[in-house]
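> Output the structure for:
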Amino acid sequence: MSLKYTMDVMEVLDDINANGEKIVALFEGFEHCEAVYETVTGQSGSTDFVKIVIKGTEGKLNGGKARTLGIVGRLGGLGARPHRIGFVSDGDGAAAAVAIAVKLANMSVKGDRLPGDVIITTHICPTAPTQPHEPVDFMGSPVDIFTMNQYEVVPEMDAVVSIDTTKGNRVFNHRGIALSPTVKSGFVLKFCDDLLRIMEMTTGELPVTFAVTTQDITPYGNDVYHINSILQPAVATDVPVVGVAITAKTAVPGSGTGASHEVDVAQAVRFTIEIAKEFTRGQIEFYDENEFNRLEMLYGSMKHLQTLGNEQN
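Purely as a prediction, here's the structure:
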């Protein structure tokens, strides 16, 4: 029933008055759920960062040892008002993240609690700016990417799934969702076979993946091209990160309205929930730890790619 929750959440978010308080209110009354928000002001306005925690039966918040999955709904803004009327394509990442949280919260009161905790983060801004980008304009954000990572990537996460609309390019020719290889500590690692299996199961189709470049895993602000911010969480943590891109066959501006497809967002929701089930039970890994350690032994650390490089000094 992911589609139902997705549609309900998108209706809430498609509102000039959407804010963190309204999102937090969706989780009132759920025994195993905590939701908070904080308003943060930047150079181009303000946004509400939302953090939703769904507690597991054996999660660390209850003194257990089960692993914690982090889910980041990455975006610039839900809307580009007053320049554009309505919910923009860029908002799909937030819609997916909140819908995941609502679904997991409802599962928890129906007896289907996950073993580990799941931490879902995103931000709510219905009046974000736009910014130039090739081949189509991006959505901007009231705050910079470092502020986003500060609020959305938290130390308790043992792995991160970053969900982001990735339509403003000519790289994809598929409408639906696509999976990135695992990124960890500056290394782009092999695709996770378990995640490919789960994608096949939840979509009923062959898995769709996308290539990641070195530019994409470096921080914004270094004046190199990034396909978008889907892998920016990887610059703020040393745990493994994968991107789940919501895609289109054509280049769609992030600021485009009427360009969100509820079924595609629901695919991302369903896929990520299944990842959460298996990851928090310890049934899957995002990467091969032994192979990663060998890469570092052979070639040294790549953590410098998580920084702004020489200009940082």
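
> how about the helices of the stretch 201-313 of the chain, start to end?
Listed in chain order, the helices of the stretch 201-313 of the chain (DSSP state H, counting those that start in this stretch) span 262-280, 289-299.

> The stretch 1-150 of the chain too?
Under DSSP H, counting those that start in this stretch, the stretch 1-150 of the chain gives helices at 2-13, 20-25, 92-109, 145-152.

> Buried deepest among those helices, which one?
helix 92-109 (a mean of 26; mean count of other CB atoms under 10 Å). Backbone N, C-alpha and C define where each C-beta goes, glycine included.

> re the thing from before, I'd like the helices of the stretch 201-313 of the chain as CSV, with distance to G140, mean pLDDT and mean neighbour count appended.
Putting the helices of the stretch 201-313 of the chain into CSV (distance: least, CB to CB, whole Å; pLDDT from 0 to 100; neighbours: other CB atoms under 10 Å) gives the following:
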stretch, distance to G140, mean pLDDT, mean neighbour count
helix 262-280, 22, 98, 23
helix 289-299, 35, 98, 11
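
> Mind checking these for the one nearest to D223?
When the helices of the stretch 201-313 of the chain are compared by CB to CB, helix 289-299 sits nearest D223, at 25.8 Å.

> which helices and strands sit right next to the closest one?
Secondary-structure packing of helix 289-299 (3 or more CB pairs under 8 Å, 6 or more residues apart in numbering; DSSP states H and E): strand 187-188.

> ok now the strand it packs on, how far from the chain's centre?
18 Å (CA atoms, centre = their mean, to the nearest Å).

> Now tell me what touches that strand from outside.
Contacting residues not belonging to strand 187-188 are listed as 181-182, 212, 214, 217, 292, 295-296, 302 [CB atoms under 8 Å, 6 or more residues apart in numbering].

> who touches the residue nearest to N149 when sequence neighbours are not counted in this structure?
Using CB to CB, 6 or more residues apart in numbering and skipping residues adjacent in sequence, the residue nearest N149 is A236, 3.7 Å away. For A236, the contacting residues are 149-150, 153, 306, by CB under 8 Å, 6+ apart.

> So what does V239 look like in phi/psi?
V239 has phi and psi values of phi -80, psi 160 when expressed as degrees, to the nearest 10.

> re earlier: tabulate the helices of the stretch 201-313 of the chain (TSV), appending distance to V224.
Formatted as TSV, the helices of the stretch 201-313 of the chain follow (distance: least, CB to CB, whole Å):
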stretch	distance to V224
helix 262-280	27
helix 289-299	21
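
> V36 is nearest to which of those helices?
helix 262-280 (20.0 Å).
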